[in-house]
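Student: requesting a structural model of the entry that follows:
(chains A and B)
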Amino acid sequence: MTSREIHWTIAGQDVTVRVEESKGHGTFHVAGRSLPFRLLQPNWIEIDGKPHRFYVRRSGNECTVWFNGQTYHLVRIEKGGLTKAASITASGKITALMPGKVLRIDVRAGDTVEEKQPLVIMESMKMESALRAPKAGRVTAIRCEPGQIVEMGELLMLIE
Amino acid sequence: MIRKVLIANRGEIAIRISLTLREMGIQTAAVFTEPDEHSPHLRAADEIQRIHSYLDSQEIVRTAKECSADAIHPGYGFLSESPTLAAACEQAGVIFIGPESDTLRTMGDKLESKGVMQKAGIPTVPSWHGSPPAAEYPVLVKAVGGGGGKGMRLVETAANLADAMASASREAASAFGDERVFLEKYIRQPRHIEFQILGDSHGNYIHVFERECSIQRRHQKIIEETPSTALTPDLRARMGAAAVAAAKAVSYRGAGTVEFILDPAGDFYFLEMNTRIQVEHPVTEMTTGLDFIREQVRIAEGGKLSYRQSDLHQIGHSIECRIYAEVPEEEFRPATGTVETFEPPAGPGIRLDSGVAQGSVVSYHFDPILAKLIVSAPSREAAIERMKRALRDFVLLGVRNNIEFLYRVISTEDFAAGKLDTGFLDRHPQVFSTSETIPIEAILAASLSITPHPADSSRATFPGVWTSGSWRNS
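Tutor: Numbering: from 1, shown residues only, chains lettered A, B, ... in the order given. Here you go, the predicted model:
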């Protein structure tokens, strides 16, 4: 089992993916979630039980991903010494890591929060995930409400 | 009898021509210029000949003679509508698979062809040299020597006519060195409807129904289909008769296309005649069973048409999407590169006429068409669903292309409803916006492709395990 971290910058947001793999299967760790994967055959991958067809072309730090009929462009950032599995930069801006629906907000404006405390529970790709506090502080603004559909990178909350 | 044909073209059409000729037992010679020395069209032919230019008639006829070809097929574009090549063939005793050079000359002149069609009683867009009757507004001011929108003005009322003509005339003088302008009726929301025709040298003429080509960008077609949702059986019969009359008027020999514009009231006007195999001919083949290359060869050999008008029927529906190396979101700028992944769709009712394969280099030298994806199905609805599925299954990486754009266009409600006209893309700006969101799974799949060792991450090329297909644990 090998483990490595890949850093991407997506819609102005740093996203870190930790890949644990061995012989074509393993686990992705992203945004506080763990998703099992299995390489089914070349260009087919099963992620969390669902198969997907994909192709990846790389040129330097730019990646073109063909995924289920659509092409996406990703930019990778090199972070040699980074070991912390931080999925959100510690800027105090809580943004949506992927498009989805806000299910629940676990804090109120003015609340004091601790690092890694769950703030917003989101539903994306039919899975629930928690957005956690990147640092300890106080919630200064809440920019979303339960039931709201949000885009990737959309600002949801501020912490100071 | 034709035994050997030199194909004076490249790309998908050169391959498509080769395929039928092979089925007919006819030898083929492909030609190529330096940027094309590894092009797939060379592998489709029995022999290859290097030339300096696809546009040099003399060189092409000489090459045909040297390799003992008895005929030249010009394809589309390049010299296909050039009276010079046809005339050079006539002189050298090589069969030109197309009309006579005189027909090419007449139809190549927009004013002359319009005059010929008017004489034959075929409706043309009304035009005037002086002030038009008030009821005919809006009108377009057009340059006699022009094209490409230069020296063109839209005039809504008679009050603005003088100013518009003066400014168009100034523009025409500087652009074409010819200040003459004329007025033409402005057709609102026009559809582009064309009729396939066939004529032999025995006086037989038929039409092979219509193709609707209203989805255009920069006056170039990108999606074509047949039948058209705009044609009733009565209108189809009248337009078909006009197309046959157009063919008769010039004693047309070979396969050709009569282009019309159709206004929302159902009035149609002759636009021009294309004297060659048309890019979008496959949709007609898919719905009628004809093979136009076979018919062209048969006619060129002096044979009679294999079909009478009453033999022909439209069965089902067919749509073609032109896959271009271009970026629709950036004003359709052409794209270049190497085709790194080429996995076209397959399945029932799918035809791919492609000029590229994995590894092909796409350069600025030629037209950016990569391939044509054609589907057929029993109904228009089913054909749209099939095209959507096929576009979603089409993997073409390494050269930016319009596959996803085409998907968004055919997914619009107006396309499904058949509400088409040549201004379709302008009226649907949403088809130009790509999704800003990336599925998390796509990010994960990309992450997996990044090799574990930092030393590997600087490699410009992709690790072999993912391109060659076999998984290797590292």
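Student: contacts, neighbours, all on C-alpha from now
Tutor: Noted.
Student: so where's chain A shaky on pLDDT?
Tutor: Within chain A, the stretches with pLDDT under 70 are A:79-91, A:124-128.
Student: spatially central residue for it, please.
Tutor: Central residue of chain A (Cα atoms, centre = their mean): residue A:31, 3.9 Å from the mean position.
Student: tell me the secondary structure at residue 103.
Tutor: By default, I'm working from chain A. Following DSSP: H, G, I helix; E, B strand; the rest coil, residue A:103 is assigned to strand.
Student: right idea, wrong chain: chain B
Tutor: Per three-state DSSP, the secondary structure class of residue B:103 is helix.
Student: from what I see, it and residue B:250 are in contact.
Tutor: Yes: here residue B:103 reaches residue B:250: they are 6.5 Å apart, a contact under Cα atoms under 8 Å.
Student: how about the nearest residue to the closest residue to chain B within chain A, chain neighbours excluded?
Tutor: For chain A, the residue closest to chain B is residue A:69, as judged by Cα to the nearest Cα, at 4.3 Å. Leaving aside its sequence neighbours, residue A:69 sits nearest to residue B:392 (Cα to Cα, 6 or more residues apart in numbering or on different chains; 4.3 Å).
Student: what's the answer for residue B:349, then?
Tutor: In space, residue B:349 is closest to residue B:376, 4.9 Å off (Cα to Cα, 6+ apart).
Student: so for the strand or helix carrying the one you found, what's the average pLDDT?
Tutor: Using DSSP states H and E, residue B:376 falls within strand B:369-377. For strand B:369-377, mean pLDDT is 97.
Student: what segments of the stretch 351-474 of chain B are strands?
Tutor: Counting by DSSP state E, counting those that start in this stretch, the segments of the stretch 351-474 of chain B that form strands are B:361-362, B:369-377, B:395-397.
Student: make JSON lines out of these and add mean neighbour count.
Tutor: Shown next, in JSON lines, are these (neighbours: other Cα atoms under 10 Å in any protein chain shown):
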{"stretch": "strand B:361-362", "mean neighbour count": "20"}
{"stretch": "strand B:369-377", "mean neighbour count": "24"}
{"stretch": "strand B:395-397", "mean neighbour count": "22"}
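Student: measure residue B:383 to chain A for me?
Tutor: Residue B:383 sits 18 Å away from chain A, going by Cα to the nearest Cα, to the nearest Å.
Student: list the residues that contact the nearest residue to that residue once chain neighbours are set aside.
Tutor: Take residue B:383 and drop its neighbours on the chain: the residue closest to it by Cα to Cα, 6+ apart is residue B:377, 4.8 Å away. Listed by Cα atoms under 8 Å, 6 or more residues apart in numbering or on different chains, the contact set of residue B:377 reads B:316-318, B:349, B:383, B:386.
Student: hmm, try it at 10 Å
Tutor: Neighbouring residues of residue B:377 by Cα atoms under 10 Å, 6 or more residues apart in numbering or on different chains: B:286-287, B:315-319, B:348-350, B:383-387.
Student: for it, give the beta-bridge partners.
Tutor: residue B:317 (DSSP bridges).
Student: can you list the domains in chain A?
Tutor: A:2-77, A:93-159 (automatic domain parsing).
Student: brain fart, chain B
Tutor: Split by automatic domain parsing, chain B gives B:4-97, B:127-185, B:191-432.
Student: and these, which one is worst for confidence?
Tutor: Minimum mean pLDDT among the domains of chain B: domain B:127-185, a mean of 87.
Student: what's the burial count for residue B:70?
Tutor: By other Cα atoms under 10 Å in any protein chain shown, 18 other residues sit near residue B:70.
Student: kindly report the same for residue B:113.
Tutor: 21.
Student: for residue A:1, same thing?
Tutor: 11.
Student: what separates residue B:183 from residue B:168, distance-wise?
Tutor: Counting by Cα to Cα, to the nearest Å, the gap from residue B:183 to residue B:168 is 11 Å.
Student: please read the previous query as pertaining to residue B:241.
Tutor: Distance, residue B:241 to residue B:168, by Cα to Cα: 37 Å.
Student: so which of the two has more stuff around it?
Tutor: Neighbours were counted for residue B:241 and for residue B:168 using other Cα under 10 Å; residue B:168 has more, 22 against 16.
Student: any residue of stretch A:94-105 touching chain B?
Tutor: Yes: against chain B, stretch A:94-105 shows contacts by Cα under 10 Å from any Cα of the partner chain at A:97-99.
Student: got the phi and psi for residue B:311?
Tutor: phi -80, psi -20 (degrees, to the nearest 10).
Student: residue contacts, it?
Tutor: residue B:288.
Student: pick out the residue nearest the middle of chain B.
Tutor: Mean-position check on chain B, Cα atoms, centre = their mean. Result residue B:279 at 3.4 Å.
Student: possible to save the domains of chain A as CSV with distance to residue B:354?
Tutor: Formatted as CSV, these follow (distance: least, Cα to Cα, whole Å):
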stretch, distance to residue B:354
domain A:2-77, 19
domain A:93-159, 36
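Student: so which of the ones you listed gets nearest residue B:117?
Tutor: Nearest to residue B:117, of all the domains of chain A, is domain A:2-77, at 46.6 Å by Cα to Cα.
Student: end to end, how far does that closest one reach?
Tutor: 20 Å.
Student: still on that earlier bit, include distance to residue A:157 when you put the domains of chain B into JSON lines, please.
Tutor: Formatted as JSON lines, the domains of chain B follow (distance: least, Cα to Cα, whole Å):
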{"stretch": "domain B:4-97", "distance to residue A:157": "54"}
{"stretch": "domain B:127-185", "distance to residue A:157": "52"}
{"stretch": "domain B:191-432", "distance to residue A:157": "30"}
